[in-house]
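K.L.:
the following block contains a protein sequence and its predicted model.
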Amino acid sequence: MPTATRTADPNGAADLASEAVAVGIHDLPVVVIDLERARRRYCALRDDFPWVDVHYDVSALAHPALLSAIAEAGGGFEVTHDQALPALLLAGSPGHHVLHATPVAHPHEARAAYDAGVRRFVIDGARALEVFAGAPGDLRLVLKLQPALAPRPAHRAARGMCPAAVVAAARTARGLGVRVAGLSLTLPQDGSPAEYVSEIVRAMGVAADVEAGTDQRLRLLDLGDGFPGRADRRPAERAELARAIRGIVAPATSGITVTASAGSAITAGCLSVVSAGVRHDVEPAVASACIDAGAEVVVLDSQGTSLLRRLPLLRSRSSSDHRVLRRLASS
């Protein structure tokens with residue numbers, strides 16, 4: 001198991017960890033999810049970026065208790081995995097709060113998501129447009145804009161379309177009778193405020209080109225996943241980025257809705273494993289691996305009737321009931 005950092009324990013976490021160990025199975029560590037901290041982190045993002053509709057990236061960790069906690073805090077979701085939407089629906093979260101960024105290969109897949117309440121779909125290329133031909137009038141597409149920045153790591157292919165291809169795709173969509181709502185950016189997980197600013201300015205220019213070429217105005221700008229980049233760990237950069245978004249996009253007067261998706265920015269410090277009486281903070285991938293191996297899950301939630309609630313995840317469940325998702329290798 002990957003090495004993790006031992007957490008500070010000022011509020012009796014050691015006692016909670018000992019109790020968690022007591023409900024563990026065999027030699028597997030126990031996975032602990034702190035819902036209250038996840039809510040606070042989500043609300044802090046929303047407070048720091050009041051002009052941004054922050055979604056939770058379900059692929060970070062799709063445990064139903066965590067999904068329900070985000071929904072209860074008023075959060076929306078981004079799905080980038082074919083089992084993410086079923087996990088959301090199973091947790092009781094409605095599809096109309098979802099930005100669908102999973103590749104859709106067939107019209108019946110788009111229809112199934114639409115019937116589940118999804119209305120916004122991100123597409124990476126013009127070939128996907130035909131899937132949505134004849135779509136209902138309230139369905140909206142969001143075109144993925146290829147970044148000007150070189151992808152990190154360098155061997156990873158940049159997702160999305162170049163500016164000229166975005167304009168061409170918008171024209172094609174108009175011909176198919178499909179509405180384009182806006183653009184979606186792709187920035188690195190450690191993107192700096194300067195990189196965000198550069199890509200936002202570029203996207204606004206592309207949106208203007210789309211309007212000139214198709215006579216339709218784009219009213220949504222999605223800042224992509226990994227938000228807010230390295231500003232998550234640097235309060236001064238958070239404020240800088242927030243000011244930049246408000247200054248460039250001017251959501252209050254432009255009528256443009258700004259969205260973004262965050263995974264680790266919400267789960268950081270909220271996931272831990274307990275083994276041999278020691279509690280370690282872990283990344284979602286480590287928590288996922290433990291759960292996949294059959295580890296028990298303990299949920300800490302001060303809003304519940306009990307501080308510790310056991311929610312075992314049985315490996316024999318059907319795939320649609322699976323709580324842990326894996327990103328596609330190409331994403």
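P.N.:
Nice, thanks for sending it over.

K.L.:
just give me how far stretch 282-291 sits from the chain centre.
P.N.:
Offset of stretch 282-291 from its chain centre (Cα atoms, centre = their mean, to the nearest Å): 17 Å.

K.L.:
neighbours around residue 50, how many?
P.N.:
Residue 50: 11 surrounding residues under other Cβ atoms under 10 Å. In short, each C-beta sits where N, CA and C put it, glycine included.

K.L.:
what's near enough to touch it?
P.N.:
Taking Cβ atoms under 8 Å, 6 or more residues apart in numbering, we find residue 50 in contact with residue 242.

K.L.:
can you give me the distance of residue 169 to residue 281?
P.N.:
With distances taken as Cβ to Cβ, to the nearest Å, residue 169 is found 42 Å from residue 281.

K.L.:
before we move on, what about residue 85?
P.N.:
29 Å.

K.L.:
show me where the stretch 101-250 of the chain has its helices.
P.N.:
Here the stretch 101-250 of the chain has its helices, by DSSP state H, counting those that start in this stretch, at 107-115, 163-176, 193-214, 235-249.

K.L.:
looking at these, which is nearest to residue 64?
P.N.:
helix 107-115 (19.3 Å; Cβ to Cβ).

K.L.:
pLDDT below threshold where in the stretch 201-331 of the chain?
P.N.:
For the stretch 201-331 of the chain, the stretches with pLDDT under 70 are 303-331.

K.L.:
ramachandran angles for residue 53?
P.N.:
phi -90, psi 100 (degrees, to the nearest 10).

K.L.:
go on, residue 116?
P.N.:
In terms of degrees, to the nearest 10, the main-chain angles of residue 116 are phi -80, psi 0.

K.L.:
how far away is residue 195 from residue 205?
P.N.:
As judged by Cβ to Cβ, residue 195 and residue 205 stand 16 Å apart.

K.L.:
more crowded one of the two?
P.N.:
Higher neighbour count among residue 195 and residue 205: residue 195, with 18 against 11, using other Cβ under 10 Å.

K.L.:
ok, the more buried one - contacts?
P.N.:
149, 187-188, 229.

K.L.:
same thing but at 10 Å, please
P.N.:
For residue 195, the contacting residues are 147-149, 185, 187-188, 229-230, by Cβ atoms under 10 Å, 6 or more residues apart in numbering.

K.L.:
same deal with residue 190?
P.N.:
152, 226, 229-233.

K.L.:
and if we set it to 7 Å?
P.N.:
If you count contacts by Cβ atoms under 7 Å, 6 or more residues apart in numbering, residue 190 has them with 229-230.

K.L.:
then residue 237?
P.N.:
Here residue 237 is in contact with 193, 230-231 (Cβ under 7 Å, 6+ apart).

K.L.:
follow-up on the earlier one: between residue 169 and residue 281, who's got more neighbours?
P.N.:
Per other Cβ under 10 Å, whichever of residue 169 and residue 281 has more neighbours is residue 169, with 23 against 18.

K.L.:
looking at the closest residue to the more buried one other than its chain neighbours now. What's its pLDDT?
P.N.:
Leaving aside its sequence neighbours, residue 169 sits nearest to residue 126 (Cβ to Cβ, 6 or more residues apart in numbering; 4.4 Å). On the pLDDT scale, residue 126 is placed at 91.

K.L.:
cool, and residue 19?
P.N.:
Note for residue 19: predicted pLDDT of 44.

K.L.:
again with the one 3 residues further on
P.N.:
Per-residue confidence (pLDDT) for residue 22: 45.

K.L.:
about what we covered before: TSV for the helices of the stretch 101-250 of the chain, including distance to residue 43?
P.N.:
Listed next are those as TSV, based on distance: least, Cβ to Cβ, whole Å:
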stretch	distance to residue 43
helix 107-115	28
helix 163-176	34
helix 193-214	21
helix 235-249	14
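
K.L.:
which among the contacts of residue 195 end up buried?
P.N.:
For the contacts of residue 195, a burial check counting by 16 or more other Cβ atoms under 10 Å picks out 147, 185, 187-188, 229-230.

K.L.:
and those as TSV, adding distance to residue 81?
P.N.:
Shown next, in TSV, are these (distance: Cβ to Cβ, whole Å):
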residue	distance to residue 81
147	22
185	20
187	20
188	20
229	22
230	25
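
K.L.:
out of these, who's nearest residue 132?
P.N.:
Relative to residue 132, the closest of these is residue 185; by Cβ to Cβ it sits at 21.0 Å.
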